[in-house]
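J.: Okay, here's the prediction I keep looking at, along with the sequence it came from:
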Amino acid sequence: MNRGFARVVRLGGAALLLAATGLMTQPVLAQRGGPRTPPLLMTTTAWRDGGVLPSKYTRTAGDAAVSPELQWSQVPPGTRSFVLLVHDPEPVLNKSPKMDITHWLVWNIPGTSRGLPEGVKPGTLPDGTRQVSLRFNGYMAPGAPPGPYHHYTFELYALDTMLDVPQGTPQQAAATRMAVFDAMDGHVLGKAELVARFHQ
């Protein structure tokens, strides 16, 4: 995959979510129709799309791990906010059902924003942006065990609304993720995606 790969998806139908502790499948979101616009793009200088995530953004760095810098462009007209989801779609070994780990969920990023800096601090940000993960109210660095690479997926959604979803706690990560994606249904204007590989 090329750096900066992004795609817009047309989504429809009912939202189907399967929740466990901090884990769930992706919902199906209705996307409004209208004139074709250039696809939402997300890029980063931290790694090449589909490449290996540098150690500073993973548990290899320990407590010094930080979130990566992200940028986006070709924002759809009418965008009022963005949602960013970073998750590990690979199942955790010896677990059933398969577990989709929420490493970072960020919502109500202002529609005027064109990216996130490296090292976003935990908690609600001054501009109202909210965030949570399975372990923190912030970015949870990837820590896949030795073995096959896990494919950490960074998904950015442009919305035509702000979301009335409370901050929540890491213990409520599954419920918060469900609430965010339920609230997004019918408001998605575009989607962009980056993938990073990692294992210890």
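T.: Arrived safely. Residues are numbered from 1 along each chain as shown.
J.: The residue most central in space within the chain and Pro148, how far apart?
T.: The residue lying closest to the centre of the chain (Cα atoms, centre = their mean) is Leu85, at 1.2 Å. Look at Leu85 and Pro148: by Cβ to Cβ, to the nearest Å, they are 22 Å apart. Every C-beta, even on glycine, is put in place using the N, C-alpha and C of the backbone.
J.: Report the buried residues of stretch 46-62.
T.: Burial within stretch 46-62, assessed by neighbour count using 16 or more other Cβ atoms under 10 Å, is assigned to 46-47, 49, 53, 57-58, 60.
J.: Which single one of these is nearest to Gln171?
T.: Thr58 (23.4 Å; Cβ to Cβ).
J.: so when I look at the residue nearest to the centre of the chain, I'm seeing a strand, right?
T.: Yes: applying DSSP: H, G, I helix; E, B strand; the rest coil, one finds Leu85 inside a strand.
J.: Dig out what it forms beta bridges with.
T.: Beta-bridge partners recorded for Leu85 (DSSP bridges): Leu105, Glu155.
J.: residues contacting it?
T.: Taking Cβ atoms under 8 Å, 6 or more residues apart in numbering, we find Leu85 in contact with 102, 104-106, 153-155, 157, 177.
J.: Make a markdown table from those and add neighbour count, pLDDT and distance to Glu193 to it.
T.: Below are the contacts of Leu85 laid out as a markdown table (neighbours: other Cβ atoms under 10 Å; pLDDT from 0 to 100; distance: Cβ to Cβ, whole Å):
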| residue | neighbour count | pLDDT | distance to Glu193 |
| --- | --- | --- | --- |
| Thr102 | 23 | 91 | 16 |
| Trp104 | 24 | 96 | 14 |
| Leu105 | 23 | 97 | 15 |
| Val106 | 24 | 98 | 15 |
| Thr153 | 18 | 95 | 6 |
| Phe154 | 20 | 97 | 7 |
| Glu155 | 17 | 97 | 5 |
| Tyr157 | 26 | 98 | 10 |
| Arg177 | 28 | 93 | 17 |
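J.: Let's have those residues in CSV, adding distance to His199.
T.: Formatted as CSV, the contacts of Leu85 follow (distance: Cβ to Cβ, whole Å):
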residue, distance to His199
Thr102, 19
Trp104, 18
Leu105, 23
Val106, 24
Thr153, 15
Phe154, 17
Glu155, 21
Tyr157, 27
Arg177, 24
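J.: for those, which one is nearest Glu69?
T.: Nearest to Glu69 among the contacts of Leu85: Phe154, at 11.6 Å, using Cβ to Cβ.
J.: about what we covered before: Asp63 versus the residue nearest to the centre of the chain, what's the distance?
T.: Counting by Cβ to Cβ, the gap from Leu85 to Asp63 is 24 Å.
J.: Same question for Val75.
T.: For Val75, the distance to Asp63 (Cβ to Cβ) stands at 34 Å.
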